[in-house]
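> Fold the following, please.
(one chain, ligands or ions: 2)
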Amino acid sequence: MMDYLADKLTQWIKAEIQKAGALGAVVGLSGGIDSAVTAALCKRAFPDHVLGVIMPCFSNPQDAKDARLVAETLGVPIETVNLDEPFKWFVHRFTGQDYDVHCCDMSIVNIKPRLRMITLYHLAARHNYLVVGTGNRAELVVGHFTKYGDGGVDLLPIANLVKCQVKELAEELGIPRRIIDKAPSAGLWFDHCDEKEMGVTYKDLDHYILTEEGPEEVKEIIQNLERKREHKKFLPPIPPVF
Ligand SMILES: Nc1ncnc2c1ncn2[C@@H]1O[C@H](COP(=O)(O)OP(=O)(O)OC[C@H]2O[C@@H]([n+]3cccc(C(=O)O)c3)[C@H](O)[C@@H]2O)[C@@H](O)[C@H]1O
Ligand SMILES: Nc1ncnc2c1ncn2[C@@H]1O[C@H](COP(=O)(O)OP(=O)(O)OP(=O)(O)O)[C@@H](O)[C@H]1O
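Ligands and ions are numbered 1, 2, ... in the order given. This is a model prediction of the structure:
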């Protein structure tokens with residue numbers, strides 16, 4: 001089943017990129033499972049035209065090591081762009097203070113994924129590639145991404161897969177075990193844990209998405225996030241012609 005899915009998604013990526021008149025794919029490699037799976041599919045679609053981009057921004061150094069492991073395993077070339085300095089500049093300009101890695105003010109930390117988006121679009125345009133996003137179905141349902149940050153992409157190949165399906169696909173694609181077993185984190189602040197922030201585990205989230213069932217308190221959390229963040233999934237509202 002997963003080999004079939006891998007083939008289908010590979011063909012889909014190839015067709016979408018060719019339809020756009022582009023030559024390949026740029027993928028931000030965080031050292032996590034979603035970007036590893038996305039890069040692996042892109043590599044299958046365009047063996048010689050995938051660029052992995054590692055963009056530390058006050059990140060845990062282990063993440064860049066993991067990202068390099070993914071790139072080596074897949075045979076994907078990498079470019080590293082360190083975003084510490086531009087991020088530091090923004091923080092100082094907006095707060096008048098030095099950046100503190102414990103800061104979880106979203107107006108500040110969302111600048112990180114937005115700087116990554118700028119970087120990926122520059123590299124994509126330079127190579128005539130598309131920016132391939134890594135969002136999965138669980139993240140999309142609850143809007144667990146930064147609008148015009150990691151949400152600002154051209155294609156979303158794994159957006160129909162919940163987290164446990166991404167894991168199964170990762171095994172099929174030969175992603176290293178330590179990447180598959182890593183705790184999911186958006187890495188926006190020190191010790192940032194997706195499940196802790198959302199208040200729901202990926203296991204419960206996947207189960208709810210696939211069955212519409214689960215404990216009432218879990219359903220409530222998910223439905224609240226869905227409502228509050230629905231706007232992220234659409235183009236900005238436009239008034240009718242008056
Ligand atoms: N009703 C509405 N209609 C139109 N626009 C609306 C809106 N409500 C807010 N907005 C706009 O949206 C903004 C809020 O959205 P946004 O800027 O995205 O910010 P927000 O949703 O507050 O934060 C991003 C979330 O995504 C998570 N994240 C980020 C990056 C990567 C990952 C990952 O795991 O991969 C997860 C992060 O941990 C956090 O929970 C507001 O500042 C406002 O500009
Ligand atoms: N340090 C980084 N270097 C390069 N790309 C990054 C980095 N951090 C995040 N990204 C990009 O933004 C996406 C969302 O980042 P996030 O760290 O929130 O991970 P995620 O959604 O759990 O995905 P993953 O499982 O790939 O880590 C990543 O999949 C990757 O494409």
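
> give the contact list for the residue nearest the centre of the chain.
Among the residues of the chain, the one closest to the centroid is Thr134, at 3.8 Å (CA atoms, centre = their mean). Thr134 makes contact with Val27, Gly28, Ser30, Asp34, Ser35, Val37, Thr38, Asp150, Leu156, Ile158, according to CB atoms under 8 Å, 6 or more residues apart in numbering. Just so you know, the C-beta spots here come from the backbone N, C-alpha and C atoms, and that holds for glycine as well.

> Quick check: which helices or strands does the helix or strand containing the fifth one pack against?
Applying DSSP states H and E as the criterion places Ser35 in helix 33-45. In terms of contacts (3 or more CB pairs under 8 Å, 6 or more residues apart in numbering; DSSP states H and E), helix 33-45 is packed against helix 2-19, strand 24-28, strand 50-54, helix 61-74, helix 163-172, helix 177-180.

> mind listing what's buried in whichever helix or strand comes after the shortest one?
Once helix 177-180 ends, the next helix or strand along the chain (criterion: DSSP H and E) is helix 194-198. The neighbour-count criterion (16 or more other CB atoms under 10 Å) identifies Asp194, Met198 as the buried residues of helix 194-198.

> What of stretch 3-12?
Applying 16+ other CB under 10 Å to stretch 3-12 flags Leu5, Ala6, Leu9, Thr10 as buried.

> Could you do stretch 65-73 as well?
So, applying 16+ other CB under 10 Å, buried residues of stretch 65-73: Asp66, Ala67, Arg68, Leu69, Val70, Ala71, Thr73.

> neighbours around the closest residue to the fifth one other than its chain neighbours, how many?
Nearest in space to Val70, with sequence neighbours left out and distances taken as CB to CB, 6 or more residues apart in numbering, is Ala36 at 4.5 Å. The tally of other residues near Ala36 (other CB atoms under 10 Å) stands at 32.

> Could you do the one 3 residues further on as well?
When neighbours are defined as other CB under 10 Å, Ala39 has 30 of them.

> One more: Thr38?
For Thr38, the count of nearby residues is 29 (other CB under 10 Å).

> Per-residue pLDDT of it, please?
Thr38 carries a pLDDT value of 98.

> ok, and the nearest residue to it once chain neighbours are set aside, which helix or strand is that part of?
In space, Thr38 comes closest to Thr134 once its chain neighbours are excluded; the distance is 4.5 Å by CB to CB, 6+ apart. Using DSSP H and E, Thr134 is not contained in any helix or strand.

> which of the buried residues of stretch 3-12 sit farthest apart?
Farthest pair in the buried residues of stretch 3-12 (CB to CB) is Leu5 and Thr10. Separation: 9.5 Å.

> sec struct for the nearest residue to Leu140 once chain neighbours are set aside, please.
Setting aside the residues directly before and after it, Leu140 is nearest to Ala159 in space (CB to CB, 6+ apart), at 5.6 Å. When classified by DSSP: H, G, I helix; E, B strand; the rest coil, Ala159 comes out as coil.

> what about Ala159, distance to Leu9?
10 Å (CB to CB, to the nearest Å).

> between the two, what contacts are shared?
By CB under 8 Å, 6+ apart, no residue touches both Ala159 and Leu9.

> is ligand 2 contacted by the helix or strand bottoming out on mean pLDDT in the chain?
Each helix and strand of the chain was given a mean pLDDT (mean pLDDT, DSSP states H and E); the minimum falls on helix 194-198 at a mean of 92. No: with CB under 6 Å from any ligand atom as the criterion, ligand 2 is not reached by helix 194-198; the gap is at least 6.5 Å.
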